[in-house]
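K.L.:
Sequence and predicted structure are below.
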Amino acid sequence: MHWLNVLVKPTKQEKLRYRVGGVSYAVQTEGIHVCIIDFTVSRLCHEGNIVYVDMSKSPEVFECEGDYQFDIYRMMRDMNGLSELAALRDTVLSGSYKSATQLVNLSFYFDTCRID
């Protein structure tokens with residue numbers, strides 16, 4: 001996951017309600033609706049088949065520069081050789097670390113900037 005996987009927008013709803021795996025959840029919004037998306041390393045099981053994006057078919061993603069996310073893709077490749085299911089936990093943790101780092105840095109940026 002990377003920072004482009006985190007969508008944020010204001011909301012007037014006090015709570016957002018979700019149902020996952022037969023369990024209902026109600027989450028306080030504090031005026032913010034956050035949605036996390038990820039289409040790169042996600043896996044979906046449909047009729048017994050695993051559906052996913054095969055990054056090995058897009059080698060250019062490992063050659064890009066300019067965003068830490070591309071470094072994460074290279075780390076994922078080096079960790080699991082792009083095997084379909086290998087080391088998913090490790091790659092997701094790497095992405096989560098990267099996202100947390102970017103959010104902290106962004107938070108620091110907004111704390112030190114003023115818009116006049």
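P.N.:
Sure, I can see it. Residues are numbered from 1 along each chain as shown.
K.L.:
Burial check on the closest residue to residue 33 other than its chain neighbours, number of neighbours?
P.N.:
Once flanking residues are discounted, residue 33 sits nearest to residue 11: 4.1 Å by Cβ to Cβ, 6 or more residues apart in numbering. For every residue, glycine as well, the C-beta is placed using N, CA and C. By other Cβ atoms under 10 Å, the residues close to residue 11 number 14.
K.L.:
With residue 53 instead?
P.N.:
14.
K.L.:
can you check residue 69 too?
P.N.:
Residues near residue 69, counting by other Cβ under 10 Å: 20.
K.L.:
Report whether it is found in a strand, as I expect.
P.N.:
No: counting by DSSP: H, G, I helix; E, B strand; the rest coil, residue 69 is not part of a strand but helix.
K.L.:
quick one: it from residue 27, how far?
P.N.:
27 Å (Cβ to Cβ, to the nearest Å).
K.L.:
go on, residue 64?
P.N.:
35 Å.
K.L.:
Then residue 74?
P.N.:
35 Å.
K.L.:
Over to residue 49?
P.N.:
In terms of Cβ to Cβ, residue 49 sits 32 Å off from residue 27.
K.L.:
neighbour-wise, which of those two wins?
P.N.:
residue 27 (12 against 7).
K.L.:
How confident was the prediction at the residue nearest to residue 33?
P.N.:
We have a pLDDT of 91 for residue 11.
K.L.:
In stretch 49-61, which residues are buried?
P.N.:
Buried residues in stretch 49-61, counted by 16 or more other Cβ atoms under 10 Å: residue 61.
K.L.:
ok, now which ones touch residue 11?
P.N.:
29, 31, 32, 33 (Cβ atoms under 8 Å, 6 or more residues apart in numbering).
K.L.:
could you list every residue that touches the second one?
P.N.:
Under the criterion of Cβ under 8 Å, 6+ apart, the contact partners of residue 31 comprise 10, 11, 12.
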